[in-house]
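In: Starting from these lines, generate the structure:
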Amino acid sequence: MRLVFLISDYFLFFLFFVFLFFLIRALNNPVSRSSWKRVFYHPWGLFSILILFVYFSVALLDSVHFVTKIPSSQNNHVFYSNDAKSLLDQLIFPIGTITEKTYSAPFATTLYTKQTAEDKNGNLIRTYLPLLINKNKTHLLKTSHIIWVFVNTGIVSLLFGAILFSLITFLFSLKRKLSFLQAFKILFNPHGGFPWKTCVTTVSAILFFFSIFYLFSGDYHIFGTDKVGQDVLYEALKSIRTGILIGTLTTLVTLPFAIILGISAGYFGGWMDDGIQYIYTVLSSIPGVLLIAASVLSIQIYINNHPSYFLTMNARADLRLVILCFILGITSWTSLCRILRAETLKLRELDYVHAATLLGSSSWRIIKNHLLPNLGHLILITIVLDFSGLVLAEAVLTYVGVGVDPTTYSWGNMIDTARLELARDPVVWWPLTSAFCLMFIFILAANLFADRVRDAFNPRSTT
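Out: The predicted model follows:
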């Protein structure tokens, strides 16, 4: 086994360490710590944070890539596979390892459509062939088996939640020197303190779904299979990394343009303000889809003309994904730039900025010490609000054919393929439903988190 680092892996782990750095700084700052406390101490804020934590954990696990050795008769040479696997593939094994012939419905034991096969007498017949994943497992033919596992997993999850909440209550009672009942009433109070009830409920629900995936993954295709027999659950999980990379890396590209140009236009004014306004006005006038399409197609021509530059298929698709993030970042910084310019025009007329100017402070020091800290809440709120929009943009761009590479797992590719499957008879509904559900949960959590961040960091908010 040999580790393989894709371009997007470097960016994703770089963003992870940047996040840890700013988190530590925020915790050491009393003002920032107080604002983030308002996010964590709100039930919906805590719920969204736990959901986003699961998604980002999956993305990080899927960013640790490696290739395995290929058996060879030449002892002096070592050959490696052309297809890189990730740590996530090892953790969710055997999901995605068994490929069927074609479509199969969720929790099915046979293919979705009839296939030609030979009977015992050698005659050709049309029948529903059994799936490879649960072939010769007769106990799986009963619906009661699925119901039994669901019920028992639900009971275990409820017991886990009860035990966890009891343990938290017990430790809280020891710390505050209260009785168990008094501590329970305080923790269960929805209007005071940390929302332990939401925390325990969410963790128990996450445990329930992960247990279902683990218990059924070896016997069923939980979300069914697609046209080529690939497990849909595997595709949906692998698409998480693409969605998160689109949102985070695009934001990283957007920030320098928006912050530098927006503050410079608002603070210096004059010809610099006119020039920056001209740039983002012209850029905003160009249809975004056409600009992105032209850029992506140009990159694709370069990739096709230089196949020797890419050692694996993953590296080829990864470059297009990274380039797409940069293109989206370059075309989406104008809105934040306008906001920062308008706010800077207001801030530069305030007394403390004039006082700093009269005391001889340089423009750089004024921007760093006085303007940027007062613009931080706007930057943070805009980033969080735009994050979910960028994830949705990938799905739309891939749907129209200018998104990620067709070999890349993404919700956009799943939706693009599903539009033809919905025209079949009978309808193949589960690929679209699976992509929609995972995307919906992720976007919902991101929007709830954005709402709480907006309320917590908005100086005019009183809630």
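In: Which parts of the protein are strands?
Out: Remark: strands assigned in the chain by DSSP state E are 2-4, 65-67, 69-70, 79-80, 85-86, 115-118, 124-127.
In: weakest of the ones you listed by average pLDDT?
Out: Mean pLDDT values for those show the minimum at strand 79-80, a mean of 66.
In: Reformat the strands of the chain as a markdown table; add mean neighbour count and distance to Gly376.
Out: Where C-beta positions appear, they are placed from N, C-alpha and C, glycine not excepted. Listed next are these as a markdown table, based on neighbours: other C-beta atoms under 10 Å; distance: least, C-beta to C-beta, whole Å:
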| stretch | mean neighbour count | distance to Gly376 |
| --- | --- | --- |
| strand 2-4 | 14 | 37 |
| strand 65-67 | 19 | 35 |
| strand 69-70 | 10 | 50 |
| strand 79-80 | 14 | 46 |
| strand 85-86 | 20 | 35 |
| strand 115-118 | 11 | 61 |
| strand 124-127 | 10 | 65 |
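In: and those as a markdown table, adding distance to Ala418?
Out: As requested, those are arranged in a markdown table below (distance: least, C-beta to C-beta, whole Å):
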| stretch | distance to Ala418 |
| --- | --- |
| strand 2-4 | 31 |
| strand 65-67 | 27 |
| strand 69-70 | 34 |
| strand 79-80 | 34 |
| strand 85-86 | 24 |
| strand 115-118 | 22 |
| strand 124-127 | 26 |
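In: Which stretch among those approaches Val296 most closely?
Out: strand 65-67 (23.3 Å; C-beta to C-beta).
In: Which strands border that closest one, and is each parallel or antiparallel?
Out: Paired strands of strand 65-67, with direction, are strand 2-4 (antiparallel), strand 85-86 (antiparallel) (DSSP bridges).
In: related to what we said a few turns ago, looking at the strands of the chain, spot the one closest to Leu233.
Out: With C-beta to C-beta as the criterion, Leu233 lies closest to strand 85-86 of those, at 15.5 Å.
In: Reformat the strands paired with strand 65-67 as TSV; add distance to Thr127.
Out: Formatted as TSV, the strands paired with strand 65-67 follow (distance: least, C-beta to C-beta, whole Å):
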stretch	distance to Thr127
strand 2-4	43
strand 85-86	35
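In: Looking at the record's assignment, how would you partition the protein?
Out: Following automatic domain parsing, one gets these domains for the chain: 11-63+226-457, 138-216.
In: Out of the ones you listed, which gets the lowest mean score?
Out: domain 138-216 (a mean of 76).
In: got the buried residues for stretch 31-40?
Out: Ser32, Ser35, Trp36, Arg38, Val39 (16 or more other C-beta atoms under 10 Å).
In: Surely the third one and Ile24 touch.
Out: Pointing back at Trp36 there. No. Trp36 is beyond contact range of Ile24, at 11.9 Å (criterion: C-beta atoms under 8 Å).
In: quick one on the thing from earlier: hey, which of the domains of the chain is tucked in deepest?
Out: domain 11-63+226-457 (a mean of 17; mean count of other C-beta atoms under 10 Å).
In: any idea how far Ile299 is from the closest residue to Asp405 other than its chain neighbours?
Out: Nearest-residue entry for Asp405: Ala317, 3.8 Å, with adjacent residues in sequence omitted and distances by C-beta to C-beta, 6 or more residues apart in numbering. Ala317 sits at a distance of 12 Å from Ile299 (criterion: C-beta to C-beta, to the nearest Å).
In: List of residues touching stretch 110-122?
Out: For stretch 110-122, the external contacting residues (C-beta atoms under 8 Å, 6 or more residues apart in numbering) are 100-105, 124-131, 224, 426, 428.
In: Run the chain-centre distance for it.
Out: 41 Å (C-alpha atoms, centre = their mean, to the nearest Å).
In: Just the CA coordinates for it, please, in CSV.
Out: Presented in CSV, the C-alpha positions along stretch 110-122 are these (Å, rounded to 0.1, in the frame of the first residue of the first chain):
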residue,chain,number,x,y,z
THR,A,110,-33.5,-9.7,-7.0
LEU,A,111,-32.8,-7.4,-9.9
TYR,A,112,-35.4,-4.7,-10.7
THR,A,113,-36.1,-5.9,-14.2
LYS,A,114,-36.3,-9.4,-15.8
GLN,A,115,-33.2,-10.8,-17.4
THR,A,116,-32.6,-13.7,-19.7
ALA,A,117,-31.3,-16.8,-18.0
GLU,A,118,-31.3,-20.6,-18.3
ASP,A,119,-33.5,-22.8,-16.2
LYS,A,120,-32.6,-26.2,-14.9
ASN,A,121,-33.5,-27.9,-18.2
GLY,A,122,-31.3,-25.5,-20.2
